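Asks: Got a predicted model here, sequence first, then my questions.
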Amino acid sequence: MSYNYSLPTTGSLSFVDFLESVGPYSSEISDATAQRARLRAVLKELKKETHSTRDYQIIINTIEEYLPFLVSIVNCIQSKELVFKRSIETSWRSTLSDHLIHTGSNAPRISCMDIEYELIFVLMTYAYACSLQTNDLLKNTDEASPTYNKAADTLNTAASAFDFVANEVIPTWHQSPENRPVETIREFPVALSKMALADAQAIAINKALVTSNISNSLVAKLYMGVAGQYEMAYGLISSITATQDVSTDLKKYLSDGTLFYKAMAKKYLAMDANDNQKMGQAVGFARDCKADLKSLQQASLSKGHIRKSAIAARAAREQESVGDLLSKYTMINDTVSYETVPSRQDLQRVIPGGRGVLELKHYSLPTPVFGPTKQKEEKSYLLEGRYF
């Protein structure tokens with residue numbers, strides 16, 4: 001599963017209103033405005049639907065149809081084939097700022113100048129939709145189903161889009177204002193990329209547990225890898241200083257995720273210790289795992305102003321099976337092995353480093369439908385050479 005994003009909405013925009021002349025691209029500019037209007041309408045309609053009836057593939061398809069026109073305009077502006085008579089201004093609603101926790105989904109849209117602002121939010125929305133589609137794909141789906149592969153791949157696509165925004169688009173926005181939304185601060189999409197890739201890895205682990213003979217020690221290392229990505233994402237988001245605070249709900253999701261996946265690593269370290277007749281360690285890791293899962297749930301219930309974390313709900317489901325393991329290992333140790341149960345601090349020293357199982361995909365912008373074409377000897381327009 002992945003974070004349950006709220007999709008942004010945007011204000012209306014006519015590209016021709018900002019251009020000195022459309023040159024030879026009159027029909028193409030009109031088509032670009034029409035494609036953007038479609039995206040705006042789809043996002044508004046989605047807000048009216050219940051979560052169970054939303055079709056995120058419609059959002060993905062609409063953005064994929066709009067992007068070639070937006071990329072074309074960006075390239076034409078950078079190559080001077082199109083010139084703005086005044087700076088283009090677009091408005092997008094920030095859905096990951098903390099005002100949502102206090103004022104609901106009707107927080108005001110934030111207006112900023114430059115075409116890069118538009119590109120940032122369109123790509124971020126695309127990544128959100130991919131993540132949300134993953135949650136739909138995994139509903140009532142068995143881990144052995146090929147759908148799990150598609151879900152992991154879709155999350156990897158989201159991760160690559162977030163990474164592209166952070167490293168290829170935001171650095172080109174030279175006029176970024178101080179009051180810009182948190183979504184447009186580079187560290188933010190970097191963190192979301194790490195979280196999405198970690199969630200993809202968690203899906204891959206779940207599938208491997210069902211379909212392959214994977215060792216408990218390797219599973220523990222993979223879960224530590226997921227926890228490490230969550231921990232880095234939380235650190236990046238916590239380092240952001242902006243006029244708006246990052247969503248408390250998102251921060252809690254990341255902190256809960258870090259604790260949950262570390263607990264899952266301990267579960268499989270307990271099972272590995274049992275496999276190797278180290279019953280003291282088996283009891284210790286199972287004990288610590290159960291305690292961590294319990295504290296995760298208690299922390300979730302103690303903060304009533306925050307929605308109950310989806311990860312905390314998963315912890316509740318895991319706690320029962322871990323409790324059974326703890327009872328079993330304790331009985332064996334008390335009646336057969338008689339080993340000393342290490343302290344939490346001693347066990348911490350033998351927890352292995354994390355490992356990854358998935359590589360971040362490479363995201364490329366779509367081919368433009370009009371305007372400049374790629375020339376090997378020229379590097380004159382934004383993102384040139386990155387989408388062919």
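Replies: Thanks, I have it. Numbering: from 1, shown residues only.

Asks: in the stretch 251-388 of the chain, which spans are helices?
Replies: Remark: helices assigned in the stretch 251-388 of the chain by DSSP state H, counting those that start in this stretch are 279-301, 310-332, 344-348.

Asks: out of those helices, which comes closest to Thr184?
Replies: Each of the helices of the stretch 251-388 of the chain has some distance to Thr184 by CB to CB; the shortest is helix 310-332, at 26.1 Å. Yep, even glycine has a C-beta here, placed from its N, CA and C like the rest.

Asks: Contacts for that closest one, please.
Replies: For helix 310-332, contacts defined as CB atoms under 8 Å, 6 or more residues apart in numbering pick out 1, 4, 253, 256-257, 260, 263-264, 267, 270-271, 274, 279, 282-283, 286-287, 289-290, 293-294, 296-297, 299-301.

Asks: hey, which of the helices of the stretch 251-388 of the chain is tucked in deepest?
Replies: helix 279-301 (a mean of 21; mean count of other CB atoms under 10 Å).

Asks: residue ranges with poor pLDDT in the stretch 51-200 of the chain?
Replies: Within the stretch 51-200 of the chain, the segments meeting pLDDT under 70 span 99-107.

Asks: Torsion angles phi and psi at Val357?
Replies: phi -120, psi -20 (degrees, to the nearest 10).

Asks: so it sits right up against Met224, yeah?
Replies: No. If you go by CB atoms under 8 Å, Val357 and Met224 don't touch, sitting 11.9 Å apart.

Asks: the more surrounded of those two?
Replies: A direct count of neighbours by other CB atoms under 10 Å for Val357 and Met224 places Met224 higher, at 21 against 16.

Asks: What's the separation between that one and Gln277?
Replies: 23 Å (CB to CB, to the nearest Å).

Asks: Val165 contacts Met124, doesn't it?
Replies: Yes. Assessed by CB under 8 Å, Val165 is found in contact with Met124 at 6.1 Å.

Asks: Spit out the residues that contact these two alike.
Replies: Contact with both Val165 and Met124 is made by residues Pro189, according to CB under 8 Å, 6+ apart.

Asks: In contact with Leu13, which residues are there?
Replies: Going by CB under 8 Å, 6+ apart, Leu13 touches Thr33, Arg36, Arg40, Ile88, Thr90, Glu118.

Asks: what's the burial count for Asn179?
Replies: Counted by other CB under 10 Å, the residues lying close to Asn179 total 11.

Asks: cool, and Ala202?
Replies: Ala202 has 26 neighbouring residues, counting by other CB under 10 Å.

Asks: what helix or strand does it sit in?
Replies: Per DSSP states H and E: Ala202 is located in helix 187-211.

Asks: Quickly note the distance from the closest residue to Ser295 other than its chain neighbours to Ile205.
Replies: Nearest non-adjacent residue to Ser295, counting by CB to CB, 6 or more residues apart in numbering: Leu259, 7.6 Å away. As judged by CB to CB, Leu259 and Ile205 stand 17 Å apart.

Asks: Then Lys194?
Replies: Distance, Lys194 to Ile205, using CB to CB: 16 Å.

Asks: ok, these two, which is more surrounded?
Replies: Legend: neighbour count by other CB under 10 Å for Lys194 and Ile205, higher for Lys194 (25 against 22).

Asks: Pretty sure the more buried one sits against Ala233.
Replies: Yes. Counting by CB under 8 Å, Ala233 is a contact partner of Lys194 at 4.3 Å.

Asks: Surely Ser255 touches Gly235?
Replies: No. Contact between Ser255 and Gly235 fails when scored by CB under 8 Å: they sit 10.5 Å apart.

Asks: higher neighbour count, those two?
Replies: Neighbour comparison, Ser255 and Gly235: the larger count goes to Ser255, with 18 against 14 (by other CB under 10 Å).

Asks: and that one, what does it touch?
Replies: Applying CB under 8 Å, 6+ apart to Ser255 gives the contacts Tyr234.

Asks: Distance of it relative to Ser111?
Replies: For Ser255, the distance to Ser111 - CB to CB - is 32 Å.

Asks: Equivalent analysis for Gln201, please.
Replies: Distance, Gln201 to Ser111, using CB to CB: 37 Å.

Asks: cool, Thr141 as well?
Replies: 41 Å.

Asks: cool, Lys361 as well?
Replies: Counting by CB to CB, the gap between Lys361 and Ser111 amounts to 32 Å.

Asks: Which one of the two is surrounded by more residues?
Replies: Taking other CB under 10 Å, Lys361 and Ser111 do not tie; Lys361 has more neighbours (17 against 13).

Asks: got the contact list for the residue with the shortest distance to the centre of the chain?
Replies: Per CA atoms, centre = their mean, the C-alpha nearest to the average position across the chain is that of Ala196, at 3.6 Å. By CB under 8 Å, 6+ apart, Ala196 lies in contact with Ser2, Ala127, Ser131, Leu155, Asn156, Ala158, Ala159, Phe162.

Asks: which stretches of the stretch 51-200 of the chain form strands?
Replies: Under the criterion DSSP state E, counting those that start in this stretch, the stretch 51-200 of the chain contains strands at 89-93, 109-113.

Asks: looking at those strands, which is closest to Val83?
Replies: Evaluated over the strands of the stretch 51-200 of the chain, closeness to Val83 peaks at strand 109-113, with 15.3 Å, by CB to CB.

Asks: Adjacent strands (with direction) for that closest one?
Replies: Looking at strand 109-113 with DSSP bridges, its partner strands are strand 89-93 (antiparallel).

Asks: In the strand it pairs with, which residues are buried?
Replies: For strand 89-93, the neighbour count (16 or more other CB atoms under 10 Å) marks Thr90, Ser91, Trp92, Arg93 as buried.

Asks: and Gly23, what are its phi and psi?
Replies: Dihedral angles for Gly23 - degrees, to the nearest 10 - are phi 60, psi -130.
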